[in-house]
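*Asks:* here is my input; please provide its structure:
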Amino acid sequence: ADSAISADEVLLLRREGWGDGKIVPEEAEAVFAVNEAIAEPSTEWSDFFVEALGEFIVNGVEPKGYVSDAQGDWLVERIDRDGRVASLTELELLVRLCERALSVPERLRSYALRQIELAVLTGEGPTRKGGALEKGHVSKAEADLLRRLVFASGSDRPAGVSRAEAEALFRIKDA
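*Replies:* Prediction:
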């Protein structure tokens, strides 16, 4: 209600909402609702959000370790309210899923990569530090996210760069 969540409230959520070690769909929706209501997510909240939803998506449905097309579609639709990722917390969830899962749908990987590319090309987005960075410049946070995403276990080529990833990197470089 106050657009904030304290460390104690996050701890309570961990105990009460995730005490049994699993997140059900209704709880996942509730976690998203809380995330949308928070003005400035704390480190504790961001960690909880990424851990809880990552566990729900990667290990909540058989086969464990994989993100299904349906799960990937649900997540993109849930995050993509206005055509963009709203926060660095949501972008971190996308990248972490690609790192943790053995396989991630192409749409999900492409969406995450496109969000970082859009931030660099337009100068707007969750990695832009409140507009302090000009378009066409790559921040350290963006470079780190790109590296993690491209070489993630759930990427097109975990030990290499796919053609689609290389093309996105060249568009960023050219900008």
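*Asks:* who are the packing partners of the helix or strand harbouring residue 112?
*Replies:* Using DSSP states H and E, residue 112 falls within helix 106-122. In terms of contacts (3 or more C-beta pairs under 8 Å, 6 or more residues apart in numbering; DSSP states H and E), helix 106-122 is packed against helix 69-79, helix 88-100, helix 140-150, helix 163-174. C-beta coordinates here come from the backbone N, C-alpha and C atoms, glycine included.
*Asks:* okay, buried residues for the third one please.
*Replies:* Read that as helix 140-150. Along helix 140-150, these residues count as buried under the neighbour rule (16 or more other C-beta atoms under 10 Å): 141-142, 145-146, 148-150.
*Asks:* nearest to residue 104, of these?
*Replies:* When those are compared for distance to residue 104 (C-beta to C-beta), residue 149 comes out closest, at 10.0 Å.
*Asks:* residues contacting that closest one?
*Replies:* If you count contacts by C-beta atoms under 8 Å, 6 or more residues apart in numbering, residue 149 has them with 95, 98, 109, 112-113, 116, 155.
*Asks:* distance to residue 162 and pLDDT for the buried residues of helix 140-150 - can I get that in CSV?
*Replies:* Compiled in CSV, the buried residues of helix 140-150 are given as follows (distance: C-beta to C-beta, whole Å; pLDDT from 0 to 100):
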residue, distance to residue 162, pLDDT
141, 22, 85
142, 19, 87
145, 17, 90
146, 13, 91
148, 15, 91
149, 11, 91
150, 8, 89
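*Asks:* show me where pLDDT drops low in this protein?
*Replies:* Scanning the chain for pLDDT under 70 picks out 82-83, 128-134, 154-159.
*Asks:* between the buried residues of helix 140-150, which sits nearest residue 85?
*Replies:* When those are compared against residue 85 (criterion: C-beta to C-beta), the nearest one is residue 145, at 10.9 Å.
*Asks:* does the closest one touch residue 127 like I think?
*Replies:* Yes: if you go by C-beta atoms under 8 Å, residue 145 and residue 127 touch, sitting 7.0 Å apart.
*Asks:* overlap of the contact sets of those two?
*Replies:* 91, 116.
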